[in-house]
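>>> Okay, sequence plus prediction incoming.
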Amino acid sequence: MASKRPPGLFKRKGVWHIDKQIGGERICESCGTSDLDEAQQYLARVIEEKRKARIYGVRPSRSFEQAATKFIIENQHKKSIRNDIGRLKNLMPWVGDVPVEKMHRGLLDAWVAARVRDNISAGTINHGIKVVRRIMNLAASEWIDENGLTWIASTPKFKLLDDRRKKQPYPLSWDEEVRLFAQLPDHLRAMAMFAVNTGCRDGEICSLKWKWEIPIPSLNTSVFLIPGEMVKNGDDRLVVLNRFAEEVVDSQRGIHTENVFSFKGKSVTRMLNTAWLKARERAQLHQVRVHDLKHTFGRRLRASGVSFEDRQDLLGHRSGRITTHYSAAELSNLITAANTVCAEGENKPEIVIVRRFGLS
């Protein structure tokens with residue numbers, strides 16, 4: 001005789017799920033099985049764990065997948081949440097079913113080995129380990145259940161991989177800039193020219209909106225104020241335009257109603273795309289990243305004798321100053337500083353770049 005289905009279990013796409021009030025808490029989760037008897041056993045175990053937690057203060061067992069889901073739900077505001085979701089999806093087949101109280105660094109070894117075989121860099125792998133470490137730290141310190149207990153009693157250490165081969169900044173020489181930019185398609189060349197003359201990051205340039213432009217009539221120019229939620233350090237980012245950056249912005253007017261930079265009527269999601277990778281190969285600059293344009297701007301400012309404080313403001317670095325409140329005189333000073341990298345011919349600020357053999 002077939003088992004009678006108890007209340008609180010239902011079948012969806014061939015798999016039994018729980019939907020039941022237990023001790024005043026609604027439990028909704030998969031049993032992970034299509035067998036009714038196994039589903040009933042799973043439900044009985046969940047009920048018993050909840051009873052023990054309520055009476056004896058015993059923590060119920062939760063999977064790492066449950067912890068990862070909670071982390072994603074609570075961190076929708078993070079600028080990097082999409083990247084975190086991608087890393088966690090990659091991890092789930094390896095550790096998703098592991099009880100969170102039994103998680104430790106050794107359980108990630110098989111996943112790490114697989115990523116290494118796929119030629120994934122140590123830095124990228126470390127990002128995944130950092131997300132796991134953050135989730136475990138939250139489970140041990142901030143996540144409190146209905147019985148007043150943290151999800152786990154403590155968290156083990158999650159050692160990162162040795163990342164000595166981490167890519168170093170590669171500021172471009174003037175000749176390298178010419179070689180690279182000549183290989184870029186028009187829309188990417190404009191974005192790259194803007195980057196190397198403002199020090200903006202890839203994401204800041206791709207998301208740049210016309211509504212963020214602020215005219216400065218007394219100086220016959222404008223600046224952009226990027227909202228903090230679009231900036232890595234969370235602070236509003238003042239973007240000062242030198243002569244070359246201003247020319248780039250003017251060349252984009254009227255092309256797109258919302259975004260300063262676009263391609264075929266659509267926004268550009270990232271500059272470090274296939275077109276960029278192909279262009280740097282043709283230019284024989286295999287190691288150059290979009291972020292190196294920011295380094296190039298910073299090094300050229302320094303070579304021009306621009307002060308540390310002005311470099312901080314122009315590059316959008318966090319400082320103790322309120323960096324979005326300036327008088328016209330202060331803005332004029334920053335514009336003058338930014339224009340020092342626009343000199344031509346023999347007046348260009350030349351950077352003496354010392355590189356290890358084999359990296360140039």
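Here it is on my side, so go on. It should be emphasised that the depicted structure is a prediction, and the values quoted were computed from it without experimental measurement.
>>> what comes up buried for stretch 161-174?
Using 16 or more other CB atoms under 10 Å as the burial criterion, the residues of stretch 161-174 that qualify are 170, 171, 172. Any C-beta I mention is one placed from the backbone N, CA and C, and that applies to glycine too.
>>> Out of these, which sit inside strands?
Using DSSP state E to define strands, no part of these is located there.
>>> ranges for the strands of this structure?
9-12, 15-22, 25-30, 213-216, 221-226, 237-240, 262-263, 266-267.
>>> Which elements pack onto the fourth one?
It stands for strand 213-216. strand 221-226 (3 or more CB pairs under 8 Å, 6 or more residues apart in numbering; DSSP states H and E).
>>> Give the pairing partners of the strand it packs on; include direction for each.
strand 213-216 (antiparallel), strand 237-240 (antiparallel) (DSSP bridges).
>>> For the strands of the chain, which has the smallest mean pLDDT value?
Lowest mean pLDDT within those: strand 25-30, a mean of 80.
>>> Out of the strands paired with strand 221-226, indicate the one that is most buried.
With neighbours taken as mean count of other CB atoms under 10 Å, the strands paired with strand 221-226 reach their highest mean count in strand 237-240, at a mean of 24.
>>> Any idea how far it is from the middle of the chain?
20 Å (CA atoms, centre = their mean, to the nearest Å).
>>> Not counting stretch 279-286 itself, show me its contacts.
172, 176, 179, 180, 182, 183, 184, 185, 188, 288 (CB atoms under 8 Å, 6 or more residues apart in numbering).
>>> any weak-confidence spans in the stretch 201-350 of the chain?
Within the stretch 201-350 of the chain, the set of residues satisfying pLDDT under 70 comprises 320-324, 345-350.
>>> what do you get if the cut-off is 90, keeping everything else the same?
Within the stretch 201-350 of the chain, the stretches with pLDDT under 90 are 228-236, 267, 269, 286-287, 316-329, 342-350.
>>> how about the helices in it?
202-206, 243-252, 274-282, 291-303, 308-315, 328-339 (DSSP state H, counting those that start in this stretch).
>>> looking at those helices, which is closest to residue 113?
helix 274-282 (26.8 Å; CB to CB).
>>> Next, the angle from the closest one to helix 291-303.
Taking axes from the mean of the first three to the mean of the last three CA atoms, to 10 degrees, one finds that helix 274-282 is oriented at 60 degrees with respect to helix 291-303.
>>> Helix 274-282: which residues count as buried?
Here helix 274-282 shows 275, 276, 279, 280 as buried, counting by 16+ other CB under 10 Å.
>>> just stretch 69-77 next, same as before
70, 71.
>>> Centre of the chain to stretch 297-309, how far?
Worked out by CA atoms, centre = their mean, stretch 297-309 lies 27 Å from the chain centre.
>>> and what of stretch 273-285?
Chain-centre distance of stretch 273-285: 23 Å, with CA atoms, centre = their mean.
>>> Report the buried members of the contacts of stretch 279-286.
By 16+ other CB under 10 Å, those give 172, 176, 179, 180, 183, 184, 188, 288 as buried.
>>> and those, which of them are in helices?
176, 179, 180, 183, 188 (DSSP state H).
>>> can you pull the contacts of the residue nearest to residue 42 when sequence neighbours are not counted?
Distances taken as CB to CB, 6 or more residues apart in numbering put residue 31 closest to residue 42, at 4.4 Å, once the chain neighbours are dropped. By CB under 8 Å, 6+ apart, the contact list for residue 31 reads 9, 15, 16, 17, 18, 38, 39, 42, 43.
>>> wait, the last one sits on residue 7?
No. Counting by CB atoms under 8 Å, residue 43 does not reach residue 7; the two are 9.7 Å apart.
>>> Which residues are in contact with each of these two?
With CB under 8 Å, 6+ apart, residue 43 and residue 7 have common neighbours residue 20.
>>> More neighbours: those two, which one.
Between residue 43 and residue 7, residue 43 has the larger neighbour count (other CB atoms under 10 Å), namely 22 against 9.
>>> Okay, buried residues for stretch 214-230 please.
Those would be 216, 221, 222, 223, 224, 226, 230, for stretch 214-230 by 16+ other CB under 10 Å.
>>> would you turn those residues into TSV with distance to residue 51?
Shown next, in TSV, are the buried residues of stretch 214-230 (distance: CB to CB, whole Å):
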residue	distance to residue 51
216	67
221	69
222	65
223	62
224	59
226	53
230	48
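>>> about what we covered before: would you turn the strands of the chain into TSV with distance to residue 200?
Formatted as TSV, the strands of the chain follow (distance: least, CB to CB, whole Å):
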stretch	distance to residue 200
strand 9-12	47
strand 15-22	47
strand 25-30	44
strand 213-216	14
strand 221-226	8
strand 237-240	6
strand 262-263	16
strand 266-267	15
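>>> Give me the most central residue, this protein.
What sits nearest the mean C-alpha location of the chain, by CA atoms, centre = their mean, is residue 80, with 3.4 Å.
>>> Retrieve the pLDDT associated with that residue.
82.
>>> List the residues that contact it.
Taking CB under 8 Å, 6+ apart as the test, residue 80 contacts no residue whatsoever.
>>> ok, it to residue 18 distance?
32 Å (CB to CB, to the nearest Å).
>>> Kindly report the same for residue 43.
6 Å.
>>> Between these two, which contacts overlap?
Joint contacts of residue 43 and residue 18 (CB under 8 Å, 6+ apart) are 8, 9, 31.
>>> need the contact list for the closest residue to the first one other than its chain neighbours.
Leaving aside its sequence neighbours, residue 8 sits nearest to residue 20 (CB to CB, 6+ apart; 3.0 Å). With contacts defined as CB under 8 Å, 6+ apart, residue 20 is in contact with 7, 8, 9, 26, 27, 43.
>>> Sounds good, over and out.
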